[in-house]
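# I would like to see how this sequence folds:
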Amino acid sequence: MAVMACQQTPLPSSPSTDAPQTSQNPETTTPVEIAKIPEAIPEIVPEIVLPSIPRLLPESIIAAPQKELASSRLQYNTTVSTRTGAAAQKSRWQYRRTRDGAIVGFEFSNHGGNPVLTPRRDAAKNQFYTRDFQFRFDERARQDIHLLVTDWVASRDRQFRLSGLMMTLLHFFPRNYLPAIVDFNGKNLVTLPTGEEVEFNAQTHEILSGVLTEAPVDLNPDRRARNFPVIEYGGKGVVVRANARGADPRIGTTATITTLAAPAANCENGIRCNQCQVPSRELWHQSDAVRFKFSTDQEFDRFLLARCQFGLPKTDTGYALAPASQ
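Numbers count the residues shown, from 1 in each chain. Prediction:
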């Protein structure tokens, strides 16, 4: 008898754990982007380029003194002239030169009609209201570089007399440069012997800015009660000042020496610590050309230390402040 074998139905195979499973609703995976901190960009500071000053005229060139001593004799060998032609439009000043053509000074005047000097000069009506600025450096020597400021106003009888001139003489230290003047941006830029600068109005010649300031001209008709020109120095050097009425301020007067490097508090002698008063004969020869006695800054520094207890400002290279603007 035949026996029929039962055929087993194969079981469905279990899904392998290694096989990838397919999702019915596949989702797209977006990569995550992590923001980076931007690198710091160094700040670029633009270089400030100052405009160059066109120093084309001889009195505009900044130069060191050519020698120390000036002649002790009084010589009348200079003339005062005014620029002509195109240069006259930008040089509203007069310059002083020798017969050899060397520039030894320049000068200009405030003729009024402005806050410093309200009356206006009118020669036709004998009105000579003036504030004069005279920069002198005879023989282009270091010895006698100075500024003379003169105020001229009317007396009680409305007359202008030489005896009524109010005069102030100023020496600035250290004396590293000959004074120079140039027209720049519509202003007269003056370089002092220290290398410091003063700006003047090119039209009226009022002081605008810099290390010098001024007060209005004293119009008091009584010359004995009238103030001398108030020209204040605010620089870092030393200034010598002498005043006189209708005479040379260097002869028979008392000079005041001031420095801003020393404290201004009152000292035991009753004089400000940054000031020293000496007879003019100790500073200037009292005859002939009336030169300043100290032809070098080293000599004057020794005098100051002994007489005034302060000296000239110094650097590692000598007596100097900041270099002058070229």
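# pLDDT value on residue 195, please?
pLDDT for residue 195: 95.
# Residue numbering should commence at 58 henceforth.
In the new count, where the first residue is 58, that last one comes out as residue 252.
# unless I'm mixing things up, it is touching residue 236, no?
No: contact between residue 252 and residue 236 fails when scored by Cβ atoms under 8 Å: they sit 10.7 Å apart. Where you see a C-beta, it was placed from the backbone N, CA and C, and this is true even at glycine.
# number of nearby residues for residue 293?
By other Cβ atoms under 10 Å, 15 other residues sit near residue 293.
# Run through the residues that contact it.
With contact set as Cβ atoms under 8 Å, 6 or more residues apart in numbering, residue 293 has these partners: 251, 253, 317-318, 370, 378.
# do residue 339 as well
With contact taken as Cβ under 8 Å, 6+ apart, residue 339 is in contact with 350, 360, 364.
# what does residue 243 give?
For residue 243, the set of contacting residues under the criterion of Cβ under 8 Å, 6+ apart consists of residue 259.
# Got the phi and psi for it?
As for residue 243, its main-chain torsions (degrees, to the nearest 10) stand at phi 80, psi 10.
# Just the terminal-to-terminal distance for stretch 200-214.
One end of stretch 200-214 to the other measures 41 Å (Cα to Cα, to the nearest Å).
# picking up where we left off before, going through the contacts of residue 339, which ones are buried?
Using 16 or more other Cβ atoms under 10 Å as the burial test, these include residue 360 as buried.
# Give me the residue at the spatial middle of the chain.
In the chain, the residue lying closest to the centroid (Cα atoms, centre = their mean) is residue 254, at 2.3 Å.
# Verify the stated contact: that residue with residue 244.
No: with contact defined as Cβ under 8 Å, residue 254 does not count as touching residue 244 (10.4 Å).
# what does stretch 133-153 contact?
By Cβ under 8 Å, 6+ apart, the list of residues contacting stretch 133-153 reads 113-116, 154-156, 160-165, 193, 238, 240, 245, 259-260, 262.
# low pLDDT regions in the stretch 258-383 of the chain?
Counting by pLDDT under 70, the stretch 258-383 of the chain contains low-confidence ranges at 319-329, 373, 378-383.
# Helices along that one, start to end?
Per DSSP state H, counting those that start in this stretch, the stretch 258-383 of the chain carries helices over the ranges 354-364.
# how close does residue 250 sit to residue 178?
Counting by Cβ to Cβ, to the nearest Å, the gap from residue 250 to residue 178 is 29 Å.
# in stretch 238-248, what's buried?
Judged by neighbour count using 16+ other Cβ under 10 Å, the buried positions of stretch 238-248 are 238-241, 244-248.
# What is the distance between that stretch and the centre of its chain?
Taking the mean of its C-alpha atoms, stretch 238-248 sits 11 Å from the chain's own mean (Cα atoms, centre = their mean, to the nearest Å).
# Quick check: mean pLDDT of it?
93.
# Need the distance between the two termini of that stretch.
One end of stretch 238-248 sits 6 Å from the other (Cα to Cα).
# where in the stretch 108-257 of the chain is pLDDT low?
Within the stretch 108-257 of the chain, the ranges that satisfy pLDDT under 70 run 108, 141-144, 146-147.
# Which strand or helix spans residue 240?
strand 237-241 (DSSP states H and E).
# Just give the nearest non-adjacent residue to residue 193, would you?
With sequence-adjacent residues excluded and distances taken as Cβ to Cβ, 6 or more residues apart in numbering, residue 193 is closest to residue 162, at 4.4 Å.
# The one you found against residue 194, yeah?
Yes: with contacts counted by Cβ under 8 Å, residue 162 reaches residue 194, the gap being 6.2 Å.
# closest to residue 287 among the buried residues of stretch 238-248?
When the buried residues of stretch 238-248 are ranked by distance to residue 287 (Cβ to Cβ), residue 247 comes first, at 18.0 Å.
# Touching, the closest one and residue 238? I think so.
Yes: in this structure residue 247 lies within contact range of residue 238 using Cβ under 8 Å: 5.1 Å.
# So which residues of the stretch 58-207 of the chain form strands?
Secondary structure of the stretch 58-207 of the chain (DSSP state E, counting those that start in this stretch): strands at 135-139, 151-155, 160-167, 187-193, 203-209.
# Now mean neighbour count too, for those, in TSV please.
Shown next, in TSV, are those (neighbours: other Cβ atoms under 10 Å):
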stretch	mean neighbour count
strand 135-139	12
strand 151-155	18
strand 160-167	22
strand 187-193	21
strand 203-209	22
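# Any idea which of these gets closest to residue 331?
Closest to residue 331 of those, according to Cβ to Cβ: strand 203-209, at 20.2 Å.
# what distance separates the start and the end of stretch 271-278?
Distance between the two ends of stretch 271-278: 20 Å, counting by Cα to Cα.
# Other residues contacting that stretch?
Applying Cβ under 8 Å, 6+ apart, the set of residues contacting stretch 271-278 from outside is 172-176, 186, 188, 208, 210-213, 223, 263-264, 283-284, 286-289.
# what pairs with the helix or strand that contains residue 256, and is each one parallel or antiparallel?
Assigned by DSSP H and E, residue 256 belongs to strand 254-258. Using DSSP bridges, strand 254-258 pairs in its sheet with strand 244-248 (antiparallel), strand 264-267 (antiparallel).
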